[in-house]
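Chemist: Quick one, what's the 3D model for this:
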Amino acid sequence: MTHVHGGPHLRAAILAVGDELTLGQTADTNSAWLAHRLHQLGILAVEFNTVPDNLARHSAALRRLADVADLVIGTGGLGPTADDLTRPALAQAMDDHLVEDMVALAQVEAFFAARGRPMPDINRAQAQRPSRGRSLANLHGTAPGLWGIVNGVDVFCLPGPPGEMKPMFEQQVVPRLRPDPGRVVRTRALHCFGIGESDAATRLGAMMARTSMPLVGTTASAGVVSVRLRFEGPATPADADAALDLTERDIRTRLGEFIFGQDEDRLPSVVLALLRTRGETLACVESCSGGLLASMLTDIPGSSSAFLGGIVAYANPAKSALVGVDPHILEIPGPGAVSAECAAALALGGLERLRADHALAITGIAGPDGAVPARDGVPAKPVGTVFIARAARDQPADVRRFEFPGDRAAVRRWSALTALAMLRFHLAGLPTPKLLRQVSP
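Modeler: Model (predicted):
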């Protein structure tokens, strides 16, 4: 692909640099943030790439990405140590050499001076740039950014720390971007719970054809299926939004009650909002989830207006002492701690002990061991077996059995989210359907 410098930025490639990323020691959050911001600006991110701290691989990646995109943005590798190779990698990709930028050097020296320290000699390397490139001021750290041209394509190299990368992108990169004023990129996401990704895709049918516009796709994580809509192309913003609105209405018709929110909505925040609207309160009692449900709820600012608290009744004596579960339920030959009877007792006990309007209770086998074999005509309870109860005042408890997949963390997360989904259906005045991974009733 041949590029003419100065043309519009339509497609972007994002490059993350660092051994810690390729080894899986650190998660790359910068690329997702940059892609989101570029979408907001009307530029579509078409590729993410990650390379280690290796000069040859880094420079080769810059050249390749400059051949498939109109814009390349890299993060990382701008520190002062020998493994920070972004400066020579960009120079090599530009067929250029490094020079010392006196303005950048003064900025690095000023950073240390403001903290009452002389600049270590090792930091002098951070003031280098390709001779045909530019340094980008860093007001939040010691690493100036870089701007160069590779194969006619703008390449911006930003620091890895998000606290430095984000302000540099806004202050130094955004003013230099050239989105096509006649082209619009709009995205939207609808989030579902209780339905599998394959079932959702079947219901959506031809809407997911890659020739459609808006484009419709699905992703799944821990039971949450997100339907993602994207409009891109020549249009006015109003026309793009109208097209998304029409597609969204069709999706809502097909997926119905399984859609719990949109864009930044999450199940805990949606449930808390419904509780606030009704002026009602919630308590939870947890065994195998170990407080994860309460943690999800209290992660939401202002949750205390609707969430009263939770009880972690992990061991059997705690179930009786803290929540009032009848010991006969817990003892052999009773139903046991992992049973519908125990889940109902936990939920009803939570209602009474915390004086809430609603209660959720979770008890099960998160694994990796603890499976219960079949006995006396009682079916076996494999790892992943979880009973969830939803209770409300003056109503019988709704108790359901699930068999969740995955490791211990996955089972706990599935359990907490499914409990919230059961409550959401009830608060929204919807009949609770048979949910994903539910085996009874």
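
Chemist: Where do the helices of the stretch 201-350 of the chain begin and end?
Modeler: Taking DSSP state H, counting those that start in this stretch as the test, the helices found in the stretch 201-350 of the chain are 237-255, 267-278, 292-298, 316-323, 327-330, 340-354.

Chemist: Poorly predicted segments of the stretch 251-400 of the chain, please.
Modeler: Low-confidence segments of the stretch 251-400 of the chain, defined by pLDDT under 70: 375-378.

Chemist: Recalculate using a threshold of 90.
Modeler: Applying pLDDT under 90 to the stretch 251-400 of the chain picks out residues 331-334, 367-381, 393-396.

Chemist: Point out the most buried one among the helices of the stretch 201-350 of the chain.
Modeler: helix 340-354 (a mean of 24; mean count of other Cβ atoms under 10 Å). Bear in mind the C-beta positions are built from the backbone N, C-alpha and C, glycine included.

Chemist: And the next helix or strand past that one?
Modeler: strand 358-364 (DSSP states H and E).

Chemist: Off-centre distance for that following strand?
Modeler: 25 Å (Cα atoms, centre = their mean, to the nearest Å).

Chemist: Could you list every helix and strand in contact with the helix or strand that that strand is followed by?
Modeler: Scanning forward in sequence from strand 358-364 by DSSP H and E, the next helix or strand is strand 385-392. Applying 3 or more Cβ pairs under 8 Å, 6 or more residues apart in numbering; DSSP states H and E, one finds that strand 385-392 contacts helix 340-354, strand 358-364, strand 398-403, helix 408-427.

Chemist: Nearest to residue 41, out of the ones you listed?
Modeler: Ranking those by proximity to residue 41 (Cβ to Cβ) places helix 408-427 first, at 33.1 Å.

Chemist: and the closest one with strand 358-364, angle?
Modeler: 150 degrees (axes from the mean of the first three to the mean of the last three Cα atoms, to 10 degrees).

Chemist: would you list every one of the strands in the stretch 101-250 of the chain?
Modeler: Listed in chain order, the strands of the stretch 101-250 of the chain (DSSP state E, counting those that start in this stretch) span residues 128-130, 134-136, 145-150, 153-158, 183-193, 215-221, 224-234.

Chemist: re the thing from before, distance to residue 106 for the helices of the stretch 201-350 of the chain - can I get that in a markdown table?
Modeler: A markdown table is the format used below for the helices of the stretch 201-350 of the chain (distance: least, Cβ to Cβ, whole Å):
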| stretch | distance to residue 106 |
| --- | --- |
| helix 237-255 | 42 |
| helix 267-278 | 47 |
| helix 292-298 | 47 |
| helix 316-323 | 64 |
| helix 327-330 | 72 |
| helix 340-354 | 61 |
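
Chemist: before we move on, back to that, can I get the strands of the stretch 101-250 of the chain in CSV with mean pLDDT and mean neighbour count?
Modeler: Shown next, in CSV, are those (pLDDT from 0 to 100; neighbours: other Cβ atoms under 10 Å):
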stretch, mean pLDDT, mean neighbour count
strand 128-130, 97, 24
strand 134-136, 97, 21
strand 145-150, 97, 22
strand 153-158, 98, 26
strand 183-193, 91, 20
strand 215-221, 93, 15
strand 224-234, 92, 19
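
Chemist: Tell me where the model's unsure across the stretch 51-200 of the chain.
Modeler: 180-187.

Chemist: please redo it, this time with the cut-off set to 70
Modeler: The model of the stretch 51-200 of the chain has no residue with pLDDT under 70.

Chemist: and residue 324, which of the strands of the stretch 101-250 of the chain is closest to it?
Modeler: strand 183-193 (30.6 Å).

Chemist: between the helices of the stretch 201-350 of the chain, which one is nearest to residue 8?
Modeler: Ranking the helices of the stretch 201-350 of the chain by their distance to residue 8 (criterion: Cβ to Cβ) puts helix 237-255 first, at 16.9 Å.

Chemist: for stretch 387-397, how far is the first residue from the last?
Modeler: The first and last residues of stretch 387-397 sit 12 Å apart, counting by Cα to Cα, to the nearest Å.

Chemist: in it, what counts as buried?
Modeler: Using 16 or more other Cβ atoms under 10 Å as the test for burial, stretch 387-397 gives 387, 388, 389, 390, 391, 392, 397.

Chemist: Report the two of those separated the most.
Modeler: 387 and 392 (17.5 Å).

Chemist: could you dump the buried residues of stretch 387-397 to CSV with distance to residue 38?
Modeler: CSV is the format used below for the buried residues of stretch 387-397 (distance: Cβ to Cβ, whole Å):
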residue, distance to residue 38
387, 46
388, 41
389, 45
390, 42
391, 47
392, 46
397, 49
